[in-house]
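# the amino acid sequence is not available; the structure is as follows:
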Ligand code: ATP
Ligand code: MG
């Protein structure tokens, strides 16, 4: 029988859309109807399990799923033995300690003897131990931000992205204790056949990620400034130079990261570049 790999992705939540977009951008087709818990791709040997994110590390370490996409916060909290194959750059957030706005705060010793509510008792416990702080941890599974106002705890440790939820609940962020993004994880004991499929998937993910972080740039330049312009946008091997219909001018095509583009734009214009176009790249293999 031909091998197939099984990947666990979040059914619905802050990881789901980006996880599924990445899979689709890799050219992998599948049906994802509402309420479906399992689906098989029609053009790649992969099967999807749609789960709560809490269960993903366990399913992957137990081998029920071969791969998974999960936030590092959930992965470290669940403390399961899996390999991290790739950082995916989406669902970025941080775990922070927060206390009521009106409290005076100088440093982490504030928390000595205090009580903290969190859904991340392991990460918080490790952090407090590393700082030699004794605090009481109340594990709750959601709505952590209201704990101080209802008298359940004096502070909280929770996920923050913009900080607006904290503000709405009269809290202020005082320490960042963990940074997280989505990661692709794998079972540690995959067969050769499965590893070969995982390699194909990783090849595609790399091509999509490189494409996203780079741009195809086209510009017109007078021939006398070509040397300078080429030095500013050297491209993958070297830029393409095509003559324009107008004598003495060329069109220069190159690939560069978006950051490089913004860094060099003034110098490019000063060197005589004009009609500059920046075009997205869908996939990039180098
Ligand atoms: P589930 O029902 O699957 O258990 P959940 O409610 O536990 O979902 P979500 O809120 O969907 O989890 O968040 C999933 C993951 O997305 C988090 O573990 C974290 O890694 C990341 N995340 C959470 N909040 C944000 C945010 N505001 N911005 C970006 N990423 C976030
Ligand atoms: Mg969850």
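Good, I have the coordinates. Only a predicted model underlies this, so the values are computations on that prediction, with no experimental measurement involved. Ligands and ions are numbered 1, 2, ... in the order given.

# buried residues in stretch 198-209?
Within stretch 198-209, the residues scored as buried using 16 or more other CB atoms under 10 Å are 198, 201-202, 204-209. Glycine gets a C-beta too; all of them are placed from N, C-alpha and C.

# which positions in the stretch 101-250 of the chain make contact with ligand 1?
When proximity is defined by CB under 6 Å from any ligand atom, the stretch 101-250 of the chain lies next to ligand 1 at 159, 161, 180.

# ligand 2: which of those is nearest?
The nearest member of these to ligand 2, counting by CB to the ion, is residue 159 at 10.4 Å.

# about what we covered before: so which of the residues of the stretch 101-250 of the chain next to ligand 1 are also by ligand 2?
Applying CB under 5 Å from the ion, the subset of those adjacent to ligand 2 is empty.

# which PyMOL command selects the buried ones in those?
With 16+ other CB under 10 Å as the criterion, this PyMOL line picks the buried residues out of these:
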select buried, resi 159+180
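
# just checking, which of the residues of the stretch 101-250 of the chain next to ligand 1 belong to strands?
159, 180 (DSSP state E).

# before we move on, the earlier item: of the buried residues of stretch 198-209, closest to residue 168?
Checking the buried residues of stretch 198-209 against residue 168 with CB to CB, the nearest one is residue 209 at 34.5 Å.

# before we move on, the earlier item: as JSON lines, the residues of the stretch 101-250 of the chain next to ligand 1 with pLDDT would be great.
Listed next are these as JSON lines, based on pLDDT from 0 to 100:
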{"residue": "159", "pLDDT": "95"}
{"residue": "161", "pLDDT": "80"}
{"residue": "180", "pLDDT": "97"}
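
# just curious, which of the residues of the stretch 101-250 of the chain next to ligand 1 is nearest to ligand 1?
The closest of those to ligand 1 turns out to be residue 161 (CB to the nearest ligand atom; 3.3 Å).

# surely that closest one touches residue 93?
Yes - with contact defined as CB atoms under 8 Å, residue 161 counts as touching residue 93 (4.7 Å).

# coming back round to it: export the residues of the stretch 101-250 of the chain next to ligand 1 to TSV and tack on distance to residue 172?
TSV is the format used below for these (distance: CB to CB, whole Å):
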residue	distance to residue 172
159	16
161	16
180	21
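
# OK, contacts around the closest residue to residue 158 other than its chain neighbours?
Residue nearest to residue 158 in three dimensions, not counting chain neighbours: residue 144, with 4.4 Å by CB to CB, 6 or more residues apart in numbering. Going by CB atoms under 8 Å, 6 or more residues apart in numbering, residue 144 touches 117-119, 156-158.

# packing partners of the helix or strand harbouring residue 23?
For residue 23, the element it lies in under DSSP states H and E is helix 16-25. Judged by 3 or more CB pairs under 8 Å, 6 or more residues apart in numbering; DSSP states H and E, helix 16-25 is in contact with strand 5-10, helix 192-213.

# that one: what's the following helix or strand?
Downstream of helix 16-25 (by DSSP H and E), the next one is strand 38-40.

# which strands and helices lie in contact with that next one?
Strand 38-40 packs on strand 46-51, going by 3+ CB pairs under 8 Å, 6+ apart.

# what are the pairing partners of the strand it packs on, and which direction each?
strand 5-10 (parallel), strand 38-40 (antiparallel) (DSSP bridges).

# is ligand 1 contacted by the longest one?
Yes - in terms of CB under 6 Å from any ligand atom, part of strand 5-10 sits within range of ligand 1, namely residue 10.

# does the residue of the chain most remote from its centre count as helix, strand or coil?
What lies farthest from the middle of the chain is residue 247; by CA atoms, centre = their mean that is 47.4 Å. On the three-state scheme (DSSP: H, G, I helix; E, B strand; the rest coil), residue 247 is labelled coil.

# from residue 222, how far out is it?
Counting by CB to CB, to the nearest Å, the separation of residue 247 from residue 222 is 10 Å.

# repeat for residue 2
58 Å.

# who has more neighbours, those two?
The residue with more neighbours, out of residue 2 and residue 222, is residue 222; 16 against 6, by other CB atoms under 10 Å.

# ok, and the closest non-adjacent residue to the more buried one?
residue 272 is the one closest to residue 222 (CB to CB, 6+ apart), at 4.9 Å.

# the strands in the stretch 1-150 of the chain, which residues?
5-10, 38-40, 46-51, 67-71, 83-87, 93-100, 115-118, 136-139 (DSSP state E, counting those that start in this stretch).

# CSV for the ones you listed, including mean neighbour count and mean pLDDT?
Listed next are the strands of the stretch 1-150 of the chain as CSV, based on neighbours: other CB atoms under 10 Å; pLDDT from 0 to 100:
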stretch, mean neighbour count, mean pLDDT
strand 5-10, 24, 98
strand 38-40, 13, 95
strand 46-51, 20, 97
strand 67-71, 28, 98
strand 83-87, 14, 98
strand 93-100, 21, 97
strand 115-118, 23, 98
strand 136-139, 14, 97
